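>>> got a predicted structure plus its sequence, pasted below:
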Amino acid sequence: MKKLLLPLVFIVFACTTKKNLNGNEDKGTGDTRTKAVELLDNNTYLLTEQSDDKTYGFDKSNPIKVGGVKTNEGPVNERRFLNALFGPGNKKMTYFRAGSCCAFKTPNGYINNVGLLDRYRVTEIGSKDTLDIYINMYDTGDLKIPVGLKAKVKK
């Protein structure tokens, strides 16, 4: 019985606090997108704005908000974003989903307004360096190119 109560208490606590489970105050949760999103093709976003925030996408407290969970396009939107990225050497990036983490409060969460971030490992082709990118498929925000990376352009 105690084993069942502990997870339940944890979930209730996570859902009632104004801080996310990492101890950071929730900032900008929900839908904050101000610019329309364009596609290069069905699998790739057109990213035109470079972020000047070094934490954007690289820190779980500042994930990339691709949205789509309401329309069952969350994972597709995550891949659309990642497919748009090039490495610093102007080469394509490879990526894989390393799992979910980092519960946070969002008005778009399925259960008690809680969502989970997806963590992707990305590597420029020919490089041994790997980066972690955190993506939020529950909320929408303006999509930017993370610091140090580049994006595919319209042909």
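Happy to help now that I have it.

>>> in a strand, Val76, correct?
No - under the criterion used here (DSSP: H, G, I helix; E, B strand; the rest coil), Val76 is helix, not part of a strand.

>>> can you give me the neighbour number for it?
15 (other CB atoms under 10 Å). All C-beta atoms are positioned from the backbone trio N, CA, C, and that covers glycine.

>>> so what's the closest residue to it other than its chain neighbours up against?
With CB to CB, 6 or more residues apart in numbering as the criterion, Val76 has its nearest non-adjacent residue at 6.5 Å, and that residue is Gly68. Applying CB atoms under 8 Å, 6 or more residues apart in numbering to Gly68 gives the contacts Gly74, Pro75, Val76, Asn77, Glu78, Met137.

>>> equivalent analysis for Tyr120, please.
Glu78, Leu82, Tyr95, Phe96, Arg97, Ala98, Asp132, Ile133, Tyr134, Ile135.

>>> that one - that's part of a helix, no?
No - per three-state DSSP, Tyr120 lies outside any helix segment and is strand.

>>> now do it against Lys105, distance only.
Tyr120 sits 22 Å away from Lys105, going by CB to CB, to the nearest Å.

>>> hey, where'd the helices end up in this protein?
Counting by DSSP state H, the chain has helices at residues 2-16, 74-83.

>>> same for the shortest one, what does it pack against?
Yep, that's helix 74-83 we're talking about. Applying 3 or more CB pairs under 8 Å, 6 or more residues apart in numbering; DSSP states H and E, we find helix 74-83 packed against strand 44-45, strand 93-105, strand 114-124, strand 130-136.
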